[in-house]
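Student: just coords:
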């Protein structure tokens, strides 16, 4: 018997029968129908075929288990994560990120001793979404992993937990030899909005990798601390990379640092239109009267978005 994928009422018995078919296409259709059914019993049927001989079936099983997302489904996904077929293992990694049941955390933590860096990184990525306190200890250990991607995902887990006692670990990760890890640590400190990380964010503005400086400039805009000295962020407006300048402009505007307005205004002459647009927008938020003349010039900029933001900034000055 062949199940109809488009039927409203799902016949689990028929779908279970199709899972035993010699035709891999029929088995794949059955897996799709089970995945879409939302029936908890369908999850058990999917788990029964994680070892199907066809990689296409196993891939669909991985994607389907992620839609159910219980601890048992997590066990199946961990098994598929170790699949020899890269399409299957990648689908399992994606499925793990769909799991939102915190009870699945022990299953993922248990797999972190796997010899494969891909498996370890994927499990940490899934744990990040669960925001389980059980993940903190293993994530802290994973910061010492020899694999860069594993360390990046470990930083993500720690950052999502937003715990003050984890700030020292993120500060240490911000000194990692790999710039991708440092950037992730800086972003995590900004995401957590914990006051203890501000000094590390400021140091990040002087990192030798522009991507880290960019992340630091952005993160500082989300960290409002009494007595914060904006001078390093103002200095970032002269960075060699326009991407860093852009994030510095945005953060200074978010923080309401009005004394930075004349420094931001200098970037209205920069050749990169995205930076000029952000500078005009930032000046509108700060509404500093000393920037009126340069905003009038920006209102005739060759880029339409720059002109639009400059006119808006001028309207804000009129209301200031």
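Tutor: Right, received. Where do you want to start? Treat the numbers as computed from the prediction; the structure is a model and nothing was measured.
Student: ok, and the closest non-adjacent residue to residue 44?
Tutor: The shortest distance from residue 44 to any non-neighbouring residue, by C-beta to C-beta, 6 or more residues apart in numbering, is to residue 72 (7.7 Å). Heads up, the C-betas are built off the backbone N, CA and C, glycines and all.
Student: residues in contact with the one you found?
Tutor: Residue 72 makes contact with 43, 44, 47 under the criterion C-beta atoms under 8 Å, 6 or more residues apart in numbering.
Student: quick check: which element contains it?
Tutor: For residue 72, the host element (DSSP states H and E) is helix 71-81.
Student: quick check: buried residues in that helix?
Tutor: 72, 73, 74, 75, 76, 77, 78, 79, 80, 81 (16 or more other C-beta atoms under 10 Å).
Student: where along the stretch 151-300 of the chain do the helices fall?
Tutor: 167-173, 179-192, 198-204, 210-220, 231-235, 242-255, 261-265, 273-286, 292-298 (DSSP state H, counting those that start in this stretch).
Student: the second one vs helix 210-220, what angle?
Tutor: For the pair helix 179-192 and helix 210-220, the angle between their directions (axes from the mean of the first three to the mean of the last three C-alpha atoms, to 10 degrees) equals 0 degrees.
Student: so how far is the longest helix anywhere in the chain from its chain's centroid?
Tutor: Counting by DSSP state H, the longest helix found in the chain is helix 304-319. In terms of C-alpha atoms, centre = their mean, to the nearest Å, the centre of helix 304-319 is found 32 Å from the chain centre.
Student: what sits up against it?
Tutor: With C-beta under 8 Å, 6+ apart, helix 304-319 has contacts from 268, 273, 276-277, 280-281, 283-285, 287, 289, 291-292, 295-296, 298-301.
Student: dump the residue contacts of the spatially closest residue to residue 184 that is not a sequence neighbour.
Tutor: Spatial nearest neighbour of residue 184, chain neighbours left out: residue 155 (4.6 Å); criterion: C-beta to C-beta, 6+ apart. Going by C-beta under 8 Å, 6+ apart, residue 155 touches 139, 143, 170, 173, 181, 184, 185, 188.
Student: right, and the last one touches residue 159 too?
Tutor: Spelled out, it's residue 188. Yes: using C-beta atoms under 8 Å, residue 188 is in contact with residue 159, at 2.6 Å.
Student: overlap in contacts, the two.
Tutor: residue 170.
Student: now list the buried members of the contacts of helix 304-319.
Tutor: Applying 16+ other C-beta under 10 Å to the contacts of helix 304-319 flags 268, 276-277, 280-281, 283-285, 287, 291, 295, 298-299, 301 as buried.
Student: just flag the most distant two among the residues you listed.
Tutor: Spatially, the most separated pair among these is 287 and 301, at 19.3 Å (C-beta to C-beta).
Student: next one: phi and psi at residue 146?
Tutor: Dihedral pair for residue 146: phi -70, psi -20, per degrees, to the nearest 10.
Student: and the gap between it and residue 173?
Tutor: 15 Å (C-beta to C-beta, to the nearest Å).
Student: and residue 34, what element?
Tutor: Assigned by DSSP H and E, residue 34 falls in helix 24-37.
Student: helix or strand right after that helix?
Tutor: Next element after helix 24-37 (DSSP H and E): helix 40-47.
Student: for the helix or strand just after that next one, what is the average pLDDT?
Tutor: Following helix 40-47 in sequence order, the next helix or strand is helix 55-68 (DSSP H and E). Taken as a whole, helix 55-68 has an average pLDDT of 94.
Student: that'll do, ta.
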